[in-house]
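Asker: structure for this input, please:
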Amino acid sequence: MSQNPVSASLRDAKARARVAHYTVGTLQTDGDGTVWLECSCGTLLRNGPTWTLDEHVRLHRAEAKYLELSMAAPPGIPRLIELGR
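Answerer: Residues are numbered from 1 along each chain as shown. Okay, here's the model as predicted:
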């Protein structure tokens, strides 16, 4: 049995999410006070009427990590959310 608590495929999935989703450029401010940054994947991360830029960045990174981990998870593992393959 392996001593590593996380399989190589899941470690690789986390790394893929990290390297594919990082902020690029400098903070921009629109005339209406909206602040935004671009993610390396092309998504504009911005504040909104009820959320901060930081919250959007954290959610985006969490979603990216979730998707990568979901695709790399072993078949048959119990899930909270089913992911279509």
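
Asker: now the strands for the protein?
Answerer: For the chain, the strands defined by DSSP state E occupy 23-29, 35-39, 44-46.

Asker: let's have those strands in a markdown table, adding mean neighbour count and distance to residue 65.
Answerer: The C-beta positions use only the backbone N, C-alpha and C, and glycine is treated the same way. Compiled in a markdown table, the strands of the chain are given as follows (neighbours: other CB atoms under 10 Å; distance: least, CB to CB, whole Å):
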| stretch | mean neighbour count | distance to residue 65 |
| --- | --- | --- |
| strand 23-29 | 11 | 15 |
| strand 35-39 | 16 | 13 |
| strand 44-46 | 16 | 15 |
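
Asker: quick one: closest of those to residue 10.
Answerer: In terms of CB to CB, the element of the strands of the chain nearest to residue 10 is strand 35-39, at 22.3 Å.

Asker: now for the closest one, which elements pack on it?
Answerer: The helices and strands touching strand 35-39, judged by 3 or more CB pairs under 8 Å, 6 or more residues apart in numbering; DSSP states H and E, are strand 23-29, strand 44-46, helix 53-72.

Asker: want to throw those into TSV with mean pLDDT?
Answerer: Shown next, in TSV, are the helices and strands packed on strand 35-39 (pLDDT from 0 to 100):
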stretch	mean pLDDT
strand 23-29	94
strand 44-46	97
helix 53-72	95
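
Asker: for residue 15, find the nearest of those.
Answerer: Evaluated over the helices and strands packed on strand 35-39, closeness to residue 15 peaks at helix 53-72, with 8.7 Å, by CB to CB.

Asker: which elements pack onto the closest one?
Answerer: So helix 53-72, by 3+ CB pairs under 8 Å, 6+ apart, packs with helix 8-20, strand 35-39, strand 44-46.
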